[in-house]
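Participant: Predicted model and sequence below, questions to follow.
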Amino acid sequence: MPIRTGVVLLFAVFLTACHHRATPAASSKAPPRHVQSAAPFASDAPSYDLLVRRGMEELNIKMEMQENAFQISRAAWNVDQDSGVIRFEGANGIIATAPVQIIGTYNTTDGTWLWAWDNPSVHPALAQHASAWRDYGQQNSLPELTTAKLSCDQEHCWTFVAADATMTSAQGAYRGMAGDTVVFMTFGEVQLSRVKN
């Protein structure tokens, strides 16, 4: 199922508290042809707060590189959940594709975050990283990683994405609009090509 259009938010994070609310479990679907791999996080992984701080620093650098390569902030985008790929088409004629993971979505109407592992609109293979965060949260008693739906602001959503980006060595992250929903994603190695006329 494609998700289309969007803008990137170069961000500053304000750590804010989230309130928790459970939602129903996601349905299963056929696996995509190609997805970014995810393994469970090591038990000796750094603390979550450290991962967020590192992730924010790394993402700022990586997103500047993506901006220089294909103007990610102005690029049209879509996610093909069947193939597990995000595609950007920059205003400069550069096409960038990469394996993608959907970390979660933010509902702008009610101000809630929904983890991808509990979102029936997200293919389970594209929620592998989100599922690994749920496991990490269970191992480390972090309810905001194990509660499906949270009330918070969009800046807080970036903490989840930043932690994922550093833990999985993602090459970038993206915040894309899809109607009233904001889709938060990380992506892997980027392949560049030029638009054919």
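Facilitator: That came through fine. Numbering: from 1, shown residues only.
Participant: then the longest helix along the chain to CSV, C-alphas only?
Facilitator: The longest helix of the chain (DSSP state H) is helix 48-70. In CSV, the C-alpha atoms belonging to helix 48-70 read as follows (Å, rounded to 0.1, in the frame of the first residue of the first chain):
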residue,chain,number,x,y,z
TYR,A,48,17.8,4.6,25.7
ASP,A,49,18.6,8.2,26.6
LEU,A,50,22.1,7.8,25.2
LEU,A,51,20.8,6.3,22.0
VAL,A,52,18.4,9.3,21.6
ARG,A,53,21.2,11.8,22.1
ARG,A,54,23.6,10.0,19.7
GLY,A,55,20.8,9.5,17.2
MET,A,56,19.9,13.2,17.2
GLU,A,57,23.5,14.2,16.5
GLU,A,58,24.0,11.6,13.8
LEU,A,59,20.7,12.3,12.1
ASN,A,60,21.4,16.0,11.8
ILE,A,61,24.7,15.1,10.0
LYS,A,62,23.1,12.4,7.8
MET,A,63,20.1,14.6,6.9
GLU,A,64,22.4,17.4,5.8
MET,A,65,24.2,14.9,3.5
GLN,A,66,20.8,13.7,2.1
GLU,A,67,19.8,17.3,1.5
ASN,A,68,23.0,17.9,-0.5
ALA,A,69,22.6,14.7,-2.4
PHE,A,70,18.9,14.9,-3.4
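Participant: average model confidence for that helix?
Facilitator: For helix 48-70, mean pLDDT rounds to 94.
Participant: what's the spacing between it and its chain's center?
Facilitator: Centre-to-centre, helix 48-70 and its host chain are 13 Å apart (Cα atoms, centre = their mean, to the nearest Å).
Participant: Same check on stretch 130-141?
Facilitator: Using Cα atoms, centre = their mean, the offset of stretch 130-141 from its chain centre is 16 Å.
Participant: Give the next helix or strand downstream of the longest helix of the chain.
Facilitator: Where DSSP states H and E defines the elements, the next helix or strand beyond helix 48-70 is strand 76-80.
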